[in-house]
Each structure stands twice: as structure tokens, then as C-alpha cells.
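Q: here's my sequence, what's the structure:
(3 chains)
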Amino acid sequence: MKTELTSPAFIAALVIGGAIVFAAPLFLETYDLFNFTVFAIMAMLAISLNFVWGIGGILSLGQALFFGLGGYAYAITAINLGSGWGLLAAIAVPCLFALIVGYVAFYGRISDVYFGVVSLTISLILYNFVNSTSDAFYTIGAARLGGYNGIPSVPPIQAPWAAQPLGFEAMYMLCALTALVFYLGVRLFVRAPFGRVIVAVRENDLRAELLGYDPRYHRLVVFAIGAAMSGLAGAFFAAWGAFIGPDTFSVSFAAQAIIWVLFGGLGTLIGPVVGALSVSWFTTWLGEVRLLDPNIALGLLFIISVLLVPNGMVPALRRVLERLRIVKERADT
Amino acid sequence: MSEIVMQLSNFAMARRGGFVSFPAVYGKEMIAMVVNRRTILKNAIGATTLLSAPFLMRTAALGSDPIRVGVLLDLSGPLEVLGRPKVNCIQLAAETLNAAGGVLGREVELKIYDTQSDNQLYAQYAQQSALRDRVAVVHGGITSAAREIVRPILSRAQTLYFYNMIYEGGLCDRNTFVTGPTPQQLLAKLIPYMIEKFGPKIYTVAADYNFGHDSAAWAARIAAQHGGEIVGEEFFPLDANDFSATIGRVQQAKADSVFNIFISPPQEAFYGQWAAAGLSGKIGLAGHAFGDSGEVRRLPANVVEGITVAKNYLDEIDTPANIAFRARYKERFPDEAVIGTLGPSDYQGMMLWAAGVEKAGDIARETVVEALETGISIDGPSGAVTVDPATHHCILDVYLAEVQDGRFAIQEHWAAQRPVENDDSCDLTAG
Amino acid sequence: MEIIALSGINIVYAVASLFLLAAGLSIIFGMMGVINLAHGEFLMLGGFAFVLSVNAGINIWISMFVVAPLVVMVIGMVMERLIVRHLYGRTVETILATWGVSLLLIGVTSVTLGYQQLGVSAPLGSVEIGDYRVGGYTFFIIGLAFAVLAFLYAILRWSSFGLKARGTMQSASTAATLGVNVGYVYSATFGLGAAISGLAGAAFAPIAGVTPVSGLTYIGKAFITVIAGGPLPLIGTSTASLLLGFINAAVTAISTPVLGEIALLAAAILLLRLLPAGITGRFFRGGL
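A: Sure thing, here's the model as predicted:
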């Protein structure tokens, strides 16, 4: 733990990441900051999915549902009690939900692949349910669930001591910094003793169990932490656009999150962030130039990621750089 | 801009009248050439660029800077089917305005974003339109969800917003103008017609979201006022496609007619299963969103025969204005079989905005809003369209039609229907 | 009395349609262990093939029983050859790659065929039960489900292809040493599953319509039925359809279609908690 905190790579990541976060508002216009805020939020979701799937080895195909749950929890609580409680709820509700689902699944020993399909199915249930809540009957305090139309006018985040809610710039800082904290946190986690057990469970749960570690318990913990992270991202998303809707539970949104992580590099630390940023930027750009149907682009990206770059772009680039270095060294000697 | 250009430009402004004559256009091209040559020389790009001068002249033919108009509509994903004709109509409107000399003598330049049926992109593109593109106005939004995302962003950015859709009603926002019809405008005609023609017992099947719920509530209220009765009301998910249980229940309730408030594709599934059960012609059928995307041409003739609708626009309106509009649309978009009922609201939205700007003499939001609030009126393909100052909705013509032999046969027409009746809860002109 | 008959028909219809929607998927999953997330798009393509060929003037039954299955079979076999073949034994990668195919097919059909296809009306008229009318096509769907079940049973149980396929399913390496061309069997099995999906998609096209995103409305139900059914493609899927279809139709009859759908999915998850490997992971072992 101590060595990781003082390792050059960690410090480099901290410094470079911090520099990018703090320098961006100096160079970017408001509308770019607005877009970069949502990219940072998507990076948070990608990091949490990678944490659960790439590091914890849990095939959480429907991870995005926790993002949606967090968004709804934030919206409902913030409308009723204020944004501070909203953020707490956005962490607590997905975490609790993950504990229940995870308990049923992991302690029932549902196999990995089945779990993937079950998690997608839970997404679908939530999607169908939330879509059917447009009746005024589904009102929690002052918040109407709104069904297909979602919840508009979600309050922005406001610090308890401040007179004003966060502006564009502060909101960007909050999201970017949280994404950086997520990244560094996951980095520390995999080097910590608990993280090492998690990796052992992922690699071979029977062996880990024979060594005295309970894989069910360890999976549950990872799943719950990952859900809390996704939930917080969802809360930021709801606050960012002042809106949360059932699309966050849709299969296509779940697919997008999976593509980010796969494209960037499942199990690597920086890969999912790169994937989320590049793919989100790409789809936004596609809508502006109207060159290609986004589904075709995403589908191709998905297939290519699985078949041709199975480890993701970041490791692939790293290998190319490595090879170039070797070639150069040979040429030098 | 040099003084000479300024003078020339003022000269051209002075010459721009109600109609555009050849010399006026010629005068502007002259200015354009001056402007272009100056910028070219200033940028020291060189003589080769002069070869493209005719092109530059054409795009800049209408005075100095173009007026940018932001368009946020879905051109991919499930909503494409609704978004496509709307974008077409906006393009047609922009081209019509430009051919007639632009707005305030300036070219209208569209900045079209494909929102990909994704609400998150509505937020991003609304922000970009307002802050980066600095558009004078944003037209767009299909679902109420999209509208509610765009609206606060544009209000904050002080950018005028036009929502050109039929929707569930109830909006009251100074920065927003609605050019589509409300349920009150349409259902006040449709429901009494159904009661009179089929009988008092109506069974409502609706899509389970605000539009469905609010329209169903209006239908119930209007039916009660006209001696009718809602004998059943069911709400379905937006992707429902199995209606066997419901079709049984409709028969069980001995309904005289069914009022369908689905949107496509469940709408089509319902009509198909309804016809398959042999109920076409036995129990009356009306569709609130029927015809929005060419369903009449698409579905089998025996399935759509007899479906009743109330709309503010139909391809089949046979006024000279609409015959001309239909011909221009067909010429510009030869692959499209029909216009559908939605797009003309966008065309009229663009025209109302342009009329507002012309009246204001400026594109600043506040002056344009005030100009529109004078109760500005245009003649569109659907008839006269007038802004209602109190609600920022429109006073429109309403048509009642029935499908006969694969096309709408218009049964009745009411001119100048107000967007709300007996309701003074919204008055934007007060205070 | 009539209303009870009507409800009974609706329940049988729900079971039959669930089985039809899931059958193609269950063949591919049960025989090959491949979870094909592009299954919904197979149904959608079957629907498009049917609608396009009927509108081109081809007889409605030929379109449904020949054109649609053939088209989707060819697409399925191409997909198996290009993508799935490289991923056998790697279940997770297969899920992801087929998910990509699913998005790609939605995108391609959106651009080429669009959301404005002409519909085809359901044939076979209607039947009167007392005061009520029920579409004759409802009975056709019920009959078709039984026919598909019988056809698949016969082909897997008695044909030489079925024998080879079952052998390959049990142990691909043993089958290969006995001279079975495993690659061919995989390709043919995938093609069979795709063809059945194409047929099912065509059968639902007249009543549900078809758009590029039609697949998404079916896929959740189809998947959960197959997973709840467990490893045996026919017994598993038919028992799961029976159970889940009944729950769906019964809950829909007393409440709303949304609650019916939610009840179906929730029951399936509960079932998996009790039987983590599905119904046939515990019962009916060694069947089909």
C-alpha cells in the first residue's frame, strides 16, 4: 500500500491527471466544458464497470442499471430533501440493490454467464417498470417518476455552505476530480491485500476458496462497491443535464458501457477511461456530421474489439510502442 | 467592413421590399463580391481562390452574416421515422426563405444535429447550439422528454425555442413557442364525432406515458360533456405488440368505438391485430397519432379502412396553398411518398419565427418574442396560423378525416381553433 | 363461459408464442453453448424477409415457410463462419461479439430498410366464440408452435444429422475422432437455429409489424425463457415457456400487460435462484 502510494507511476498519474483536470477550464469554452463533464461522468461509469468485470471477474452486463438507479435515487431525494441527501441516496440505493441481487446470485452460485444474462434481464425489468410509471400514482414526495418522459428539472448539486448551486466550471471540476479519484482508488485497490484476493478469486475461485477465502463474500463486496460507484456517476449525470430518464436502463445504454470498457481494454486501469472518452466523443461527433448511423459504428467497433483487439486499444497501443522501441534499439546497435 | 460596403449594404436593405425583384438580388451579389474580394485579399490567400468566387457569391449572396438556426431532431434510431419529415420541412422552409431574399436580408443557415433518439445528446447539442453556434433560435424536440431537457438549457442561454409538435398540452413558458396542436384543439372535435357516429361507449387504449395519459384524460372529460362514456381505459408500454387480451376486453365491454393513443410501431401492431380479429367496421376506431408517419400508405388497405382522425394538417388538404406546398415538397424530396401530419408544423414554425424577426427588425430574443406576441399570423399549408400571445401556442385549423380507399377523406374543417378553451391559468403577456 | 374459453385461448397463445420466440435461440444455446445476443435481430430479419417478399408478390405461406427461414439461415451461417467460429468455448466473447452483430444489424436495417415498411395483414379471418371474435391467426400461431416442436424433436431424435449433432454436443473431440465433421455440424446447427428464428419472426410480422428495433421487444423474454429452461433445448424451452407463458398471461388477464411482463421476468429470476442451472439442469436429464 505504502509502496504503491509513493510509486513513480502512481505519482505520475496523480500529477498528469490533476494537471489535465485543472488546466481544462482555462482552455475550453463553456459548451466544451459541458460536454467534457458528461464524458468524465461516462468515464466514471466505465471505471466502475471495469472494476466489477475486469478486476472482479463478475460478468455484469447490466452494470449501467446502477447508473440509472443512482440517477433516479438522486433525482427523487434531491427534489425532496436537497442535493446533499441526493448524493448519499445515489450511493446507498444502488449499493443496497447490488447487495440483494449479489447475495441471491453469488450465494445461489448462479454461473458466470447466467449472471450476465440475469443482470441484463434485471435492467429490462427496471426499464419496463420505470417506463410504466407515468401515472400520477407514482409520486414520491414532490417527485413524479414520470415514466417514459423521465424526471425533468432535477436540482443541481449545491454545497451545503454555498449560496449558489455549482456552475458549469465547478460541476466539471467535481466530475473530473471524482473520475480521477475513482481511477486512483482502483489503482490502490488492486495493489492492496483485499484486491489481491479479488484477483485470485477472478483467476480461479476454487483455488482461492481452498486457500480459505470465501469467493462469494469477496464477489459481493466488489459488486456492491462497483454499484455505488456507478450510482454516484448516475447522480452526477442527473445533475448535469437536470434530467434522468428510463433510457439509462435500456439494453443499448448497457451495451455502450460494455463497448467503452472492451474498446479501451478490459482489466487495464486507464483503458476504460480512454474507451469512454473516445467512443462518447465519436458518437457525439457522428450526430453533428451525420455521416453514419451510430448503431453501425458502435456495432463494428464492438465486433472489432472482440475479434481483432481482444485486449483493447490501450494494451494494443502499448505493444505497438514496445515493438517500435525494440526495432529502434536494434537499429541503434 | 469598410464604409463603402456599409453604404452598399444599406442601399440593398432599403431596396428589399415585400417581394424580391431581379435588380435587388443583383445588388446584393455585388456587395457579396466586394465583401468576398476584400476578405480574400485580407487573408492573402491568392488569386486561385478567385476561381471559386461564384460559389462564395452564391452562399454569401444575401448580405453579411447568415442567421443561424439550430435544429435538434432525431435522424437515426426509432424516432427517425418522425424526425425525417420534420427536418425535410425545416430545410424546405429555409430554402424558401433564402430564395425570397432571406430574413432581414440575411441568409438563413441551418445547423442540424442528429440527436439519435438519445436524450443525453439533446442536452449536449442544445448547449452547443446556444453557446458555440450562437444560433438565433432552436427548432426541434420530438418527445416531451426531449423538450423538457432542451427548454431549461435554452432559457438559461437566452435562446428562443420553437417546439413544433402535437403534444399533451399545458406548457406555459415565455421563451418557448409551440406550433403543433394540443389535445384540446383536436379532441374537442374528434370525440363528439365518435359519439355521434359510433355511439356513446368509448374504450381508450393508450401508450403509457404523459402524452397517452393526458390525452386519455382529455378524451374522458370531453366525452362526459357530450353524453359519452369511457367504458375502459388501458395503458401499454411503448414497445407493446401483443393485444390479444385487450381485444377480448374491448368486446367484453361492448364498446361502440376504440380510441387509440399509441404511437408507432405498437399502433400498427394494434390495428393489425384488430383487423385480424375481424373487428374492422364492427366497432369504430379512431387514432390520435395515426397518420403521423405515413401509416395510411404503409399498412394494408383493409386494416386502415375507416380509421378516424382529427389533425391540424393532412396531405389531402386541397387548398391552393397546400397543393403548392405538396408539389414543392415532392420536387425537393422525390423519394418521400407522403409528408405526414407532423412536418408542416415545423415549416410553419420556421415561417412564424421569420415573420417575427422581420417584424422585430432584429434577431435579439426579447424583441422577437415581443413581435411574436403581437399575435403574428402566417398563411401556411394547413391554413392560417396565428400566435396566441397569452399561451405562446397557435390558433390553428382543424380537420376531421376518415380513411377511405387508402387515403384520408376530409369530413369536416374548422378554421382558427384556439389552443385552450375556458382556461386562463396561463397568461404570458400579463406582468 | 365464453369469457373463460377466451382467457384459455389467450393463455395457450402466450405459451405458444413464447416457445416460438425462444426455440431458435434454445437450439443454438442448447446444442452449442453459444448465447446469441443477435437472436432478436434474427427474428427481425425473418420479419423483414417475409414482409418484403409478400409485398414483392410471393405467396404469403411460401414467404413465411421458405423465404424467411432460408434468408435468416444464410445470414446465420455467414455470421457463424465469420465471427462465432473463432470464439467457440469462449462464452463471454461470443456474447459480446453477437451483441456487436445485433447493433450492426439494427444500424444496417435502419439505413437500408428503415422504419417505414409496408405491413402485411394477418390471413385466416376470424372465429366467433359466442359474442366474441378471435383471430384465426391466433390458432395458427398455437399450431405452428406445436409443429416446430415436433419438427425439431424429429430431426434431433431420428435423423443422422440429429445423431451427429447430439454426439458433438456431448463431446466434440470424440465425435471428431469418430469421423464427424464438427465444423459442418456447428455450422448446420447454427443455421437450423437461425432458420427457426426466421420462421418465428415471419410468423409474428403480420400481427406485430416489423421495424429495425423489433428484436429488442422480444429478446428479454426469449433469453430468460431459454436460461430458465436450462441446457436441454426442447424440453427445457417448452417447460419454461409453459410456466412463464402461463404466469405472463394470467397476470396480464387480471392486471396490465406491464405487470404481466414483469411477473414473467421476476418468476424466471426466482426460478434461477432455486435451480441455478435451469429446469433441465435438475430435471429431465438426458432428454432433448
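
Q: any regions of the stretch 101-250 of chain C where pLDDT drops low?
A: C:116-119, C:121-122, C:125, C:130-131 (pLDDT under 70).

Q: could you redo the last one with a cut-off of 80?
A: Applying pLDDT under 80 to the stretch 101-250 of chain C flags residues C:114-136, C:168-173, C:175-176, C:179, C:182, C:207-209, C:217, C:220, C:231.

Q: return the residues of it in contact with chain A.
A: C:101-108, C:110-111, C:216, C:219-220, C:223-224, C:227 (CB under 8 Å from any CB of the partner chain). In this view, the C-beta of every residue, glycine as well, is placed from N, C-alpha and C.

Q: among the residues you listed, which lie within helices?
A: Among these, DSSP state H puts C:101-108, C:110-111, C:216, C:219-220, C:223-224, C:227 in helices.

Q: could you check whether whichever strand or helix holds residue A:178 is close to chain B?
A: If you go by DSSP states H and E, residue A:178 is part of helix A:168-191. No - Helix A:168-191 does not reach chain B (CB under 8 Å from any CB); its nearest approach is 9.2 Å.

Q: helix or strand next in line after that helix, which one?
A: helix A:193-203.

Q: out of the residues of the stretch 101-250 of chain C next to chain A, which are close to chain B?
A: Counting by CB under 8 Å from any CB, the members of these near chain B are C:110, C:216.

Q: are any of the residues of the stretch 101-250 of chain C next to chain A buried, and which?
A: Among these, the ones that count as buried by 16 or more other CB atoms under 10 Å in any protein chain shown are C:101-108, C:110, C:216, C:219-220, C:223-224, C:227.

Q: which one of the residues you listed is nearest residue A:86?
A: residue C:220 (30.1 Å; CB to CB).

Q: which residue packs closest to the closest one, ignoring adjacent ones?
A: residue A:124 (4.1 Å; CB to CB, 6 or more residues apart in numbering or on different chains).

Q: find the closest residue to chain B in the stretch 1-150 of chain A.
A: Nearest residue of the stretch 1-150 of chain A to chain B (CB to the nearest CB) works out as residue A:148 at 3.6 Å.

Q: I'd assumed residue A:134 was in contact with that residue.
A: Yes - between residue A:148 and residue A:134 there is a contact at 6.2 Å, judged by CB atoms under 8 Å.

Q: so where's the stretch 1-150 of chain B shaky on pLDDT?
A: B:1-64, B:77-78.

Q: what residues does it have near chain A?
A: Neighbours of chain A within the stretch 1-150 of chain B, by CB under 8 Å from any CB: B:75-77, B:112-116, B:118-121, B:123-125, B:127-128, B:130-132, B:143-145, B:148-149.

Q: thought residue A:240 was touching residue A:171?
A: Yes - under the criterion of CB under 8 Å, residue A:240 makes contact with residue A:171 at 6.5 Å.

Q: measure the residue of the stretch 1-150 of chain A closest to chain B to residue B:263 for me?
A: In this view, residue A:148 and residue B:263 are 10 Å apart by CB to CB, to the nearest Å.

Q: where does pLDDT dip in the stretch 151-300 of chain B?
A: For the stretch 151-300 of chain B (pLDDT under 80), the answer is B:237-242, B:244-245, B:248, B:263-269, B:276-277, B:293-294, B:298.

Q: what residue in it comes nearest to chain A?
A: Closest point on the stretch 151-300 of chain B to chain A, by CB to the nearest CB, is residue B:209, at 3.6 Å.

Q: is the one helix or strand residue C:241 maps to in proximity to chain B?
A: For residue C:241, the host element (DSSP H and E) is helix C:233-254. Yes - residues of helix C:233-254 contacting chain B under CB under 8 Å from any CB: C:249, C:252-253.

Q: which non-adjacent residue is nearest the residue nearest the centre of chain A?
A: Centroid-nearest residue in chain A: residue A:45, 1.1 Å away (criterion: CA atoms, centre = their mean). Excluding the flanking residues, the one nearest residue A:45 by CB to CB, 6+ apart is residue A:233, at 4.6 Å.
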